[in-house]
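Chemist: Here's my sequence, what's the structure:
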Amino acid sequence: MKPTLVVMIKEPRPGRVKTRLARDIGTIAAKWWFHHQSARLLRRLRDPRWHLVLAVSPDSTALSSRVWPADLPRLAQGGGNLGDRMARMMRATAPGPVCVIGADIPGITGPAIWRAFRALGPADAVFGPAEDGGYWLVGIRNAAQVPATLFDGVRWSTEHALADTIASIPGRRTALVDSLVDVDTVADLRRADLLQPRAADH
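Modeler: Purely as a prediction, here's the structure:
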């Protein structure tokens, strides 16, 4: 059964993407960075080992947007907080392993994604930690059996996000994979640029 990789992605508009980064470098520059970062990421993540699906926002325009490749299937994220939307996307995919990532992590590579899927053999859930206490990837062994409590009580955008999410599924076996840099500020951007995957990692 081929696993599914869901990429949570916003239509790149000034003032709507990377708002914290925009305070450092301006809304146009932040939009430009996100647009090109996400395009590079999608090219890197085309892989026959998994189905690649876009979870797009806003619902009203992103389903028909020409920003992303037309051949990639799209799902509307819908409303609610990040946990509500990620759980909805997981449940909307085919049964089998599913991982969800954001589109703004420059260090994500195909090998890192495959390590996460392989971790879902012995584990019920897998996480890719971010260095700020959050995470860049969350995966569940079977999209048909997403725990009802997953993401309950998570303090989003804080250093507690990963620990809170793991605590929301007590008794489940969890695994951790690569730790990456989440780009929220210009300092993060400088660090992430140094860690950009090279061609050999693609």
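
Chemist: Tyr135 contacts Leu162, correct?
Modeler: Yes. Counting by CB atoms under 8 Å, Tyr135 does reach Leu162; the two are 4.8 Å apart. All C-beta atoms are positioned from the backbone trio N, CA, C, and that covers glycine.

Chemist: Quickly list what's touching both of these two.
Modeler: Shared contacts of Tyr135 and Leu162 (CB atoms under 8 Å, 6 or more residues apart in numbering): Phe127, Pro129.

Chemist: Can you list the low-confidence ranges for the protein?
Modeler: 192-202 (pLDDT under 70).

Chemist: Now do the helices in it.
Modeler: 19-25, 27-44, 59-62, 82-92, 110-119, 161-167, 186-194 (DSSP state H).

Chemist: so what does the longest one touch, helix or strand wise?
Modeler: Looking back up the chat, that one is helix 27-44. strand 4-10, helix 19-25 (3 or more CB pairs under 8 Å, 6 or more residues apart in numbering; DSSP states H and E).

Chemist: quick one: contacts of it?
Modeler: Residues contacting helix 27-44 (CB under 8 Å, 6+ apart): 7, 9-10, 12-19, 21-22, 25, 52, 54, 67-69, 72, 103-106, 108-110, 183, 189, 197, 202.

Chemist: ditto for the shortest one
Modeler: Contacts of helix 59-62 with the rest of the structure, by CB under 8 Å, 6+ apart, involve Lys10, Glu11, Val56, Arg74, Ala76, Gln77, Gly78.

Chemist: Can you name the residues that contact the fifth one?
Modeler: When you say that, I think you mean Ala76. Applying CB under 8 Å, 6+ apart, the residues near Ala76 are Ala55, Val56, Ser57, Asp59, Ala62, Leu63.

Chemist: Surely Leu180 and Ile108 touch.
Modeler: Yes. The pair Leu180 / Ile108 is scored as a contact, 6.7 Å apart, by CB under 8 Å.

Chemist: Which of those two has more residues huddled nearby?
Modeler: Ile108 (25 against 22; other CB atoms under 10 Å).

Chemist: quick one: contacts for the more buried one?
Modeler: Leu41, Arg44, Leu45, Ile101, Trp136, Leu137, Leu180, Pro197.

Chemist: what about Thr73, distance to Ser179?
Modeler: In this structure residue 73 is Pro, not Thr. 29 Å (CB to CB, to the nearest Å).

Chemist: Check Arg88 too.
Modeler: 27 Å.

Chemist: Looking at these two, which is more packed in?
Modeler: Using other CB under 10 Å as the criterion, Arg88 and Ser179 rank with Arg88 on top: 17 against 13.

Chemist: where's the spatially most central residue of the chain relative to Leu5, distance?
Modeler: Centroid check for the chain by CA atoms, centre = their mean gives Ile101 as the closest residue, at 1.5 Å. Per CB to CB, Ile101 is found 7 Å from Leu5.

Chemist: Now for these two: what residues contact both?
Modeler: Ile113.

Chemist: now the farthest one out in the chain, which residue is it?
Modeler: Residue farthest from the centre of the chain, counting by CA atoms, centre = their mean, is Gly171 at 24.1 Å.

Chemist: Now the phi/psi pair for it, please.
Modeler: phi 90, psi -10 (degrees, to the nearest 10).

Chemist: Perfect, I'm done here.
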